[in-house]
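Enquirer: Whatever this is, show me its structure:
(one chain, ligands or ions: 2)
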Amino acid sequence: MTGPDSIDAVQEMLDAQGYVCGRALGTVVFLSLRLGRPLFLEGEAGVGKTEIAKALAAGLNRRLIRLQCYEGLDASSAVYEWNFAAQMIAIRTAEAEGNADRDLLQQELFGPDYLIERPLLQAMRPDERGAPVLLIDEIDRTDEPFEAFLLEALSDYQVTIPEIGTIAAPEPPIVIVTSNRTREVHDALKRRCLYHWVEYPDFEREIAILRARAPEAAEALSRDIVAFVQQLRTEDLFKKPGVAETIDWAKCLLALDVIALSPEVIADTLGALLKYQDDIAQLQGSEAARLLDQARAELDRAP
Ligand SMILES: Nc1ncnc2c1ncn2[C@@H]1O[C@H](COP(=O)(O)OP(=O)(O)OP(=O)(O)O)[C@@H](O)[C@H]1O
Ligand SMILES: [Mg+2]
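Expert: Ligands and ions are numbered 1, 2, ... in the order given. Okay, the predicted model is just below:
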């Protein structure tokens, strides 16, 4: 068994890394560690999907290996490549030295010295601290053939390099897969994983996140900030602000020595929260003031 022995212990471990983790997420992380199953996290942008892998690796004292997915990512750049440039130099040197043992040279050229290990292969390697955390980030950016390939790699935790042989992980890595759901990921891959939808945090949790990530902000300002952002998320926006934006905004306000929010300050700093002109335009005029009033009314209603 890997890691903490209860859901509370998981939450405490992540908390110690500055990651505020609700009960539902704590439960699925605990189960994924206990059962050795990959964890599939979906959610809007900036809600802490990538960060949890970092916090988990730090909390468990494991190596973090990240496979950042992108359109066109193929198996070879995810697993291994041959160091073509170094192979060429070795061939030229052998030629210049008149070293004609071709078989030996070929064996050497396709041996460990010329192998560039990419994340999936790195994650199969033994590590004295224990199996690493393998983060497969933003899988929705890749295409279906790559997904199928991943499915295979995740089912037996081994990769085969024709020139070298099969390399199997002594202990399966702790796998976290994230998706922003720009497309549906195939059922077969999801079925292999435990699934969790990462929500925007509620008011109290977002305050706790600010406390952890922007501790310089006074409590009253933090409450103002979070109340406003939460109100903003109820609006019909093209792209709602994530937790990352809340933190950025708090840091901007601190840099400007802002003590309390006002419609003017909000208008001047909206670029930290909203990244689309249409959304920003929607908050022009009296809109920011109206949202701020609503946010403060909610705050007064809160216990
Ligand atoms: N629960 C949390 N506790 C502490 N910090 C958090 C939490 N959630 C988000 N954050 C902060 O928000 C930032 C953004 O989170 P992260 O990059 O993990 O989001 P994401 O869901 O991966 O977004 P994207 O889809 O854009 O990649 C992190 O750097 C972290 O500081
Ligand atoms: Mg991310």
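Enquirer: Am I right that Arg66 is in a strand?
Expert: Yes. Assessed with DSSP: H, G, I helix; E, B strand; the rest coil, Arg66 lies in a strand.
Enquirer: Any idea how many residues pack against the closest residue in space to Leu14 that isn't next to it in sequence?
Expert: Nearest non-adjacent residue to Leu14, counting by C-beta to C-beta, 6 or more residues apart in numbering: Cys21, 4.4 Å away. Just so you know, the C-beta spots here come from the backbone N, C-alpha and C atoms, and that holds for glycine as well. Look at Cys21: counted by other C-beta atoms under 10 Å, it has 23 neighbours.
Enquirer: just use 19 as the starting number from now, easier for me
Expert: Okay, residue one is now 19; in that scheme the one you just asked about reads as Cys39.
Enquirer: quick one: secondary structure of Cys39?
Expert: coil.
Enquirer: I'd say it and Gly77 touch.
Expert: No. Assessed by C-beta atoms under 8 Å, Cys39 is found out of contact with Gly77, at 10.2 Å.
Enquirer: Next, show the common contact partners of these two.
Expert: Leu32 (C-beta atoms under 8 Å, 6 or more residues apart in numbering).
Enquirer: Tell me the secondary structure at the closest residue in space to Asp131 that isn't next to it in sequence.
Expert: In this structure, Asp131 finds its nearest non-sequential neighbour in Ala104, 7.9 Å apart by C-beta to C-beta, 6+ apart. Three-state call for Ala104 (three-state DSSP): helix.
Enquirer: Tell me if I'm right that Ala104 and Leu133 touch.
Expert: No. If you go by C-beta under 8 Å, Ala104 and Leu133 don't touch, sitting 10.1 Å apart.
Enquirer: okay, these two: which has more neighbours?
Expert: In this view Ala104 and Leu133 are compared by other C-beta under 10 Å, and Leu133 has more residues nearby, 16 against 13.
Enquirer: Show the pLDDT at the more buried one.
Expert: Per-residue confidence (pLDDT) for Leu133: 93.
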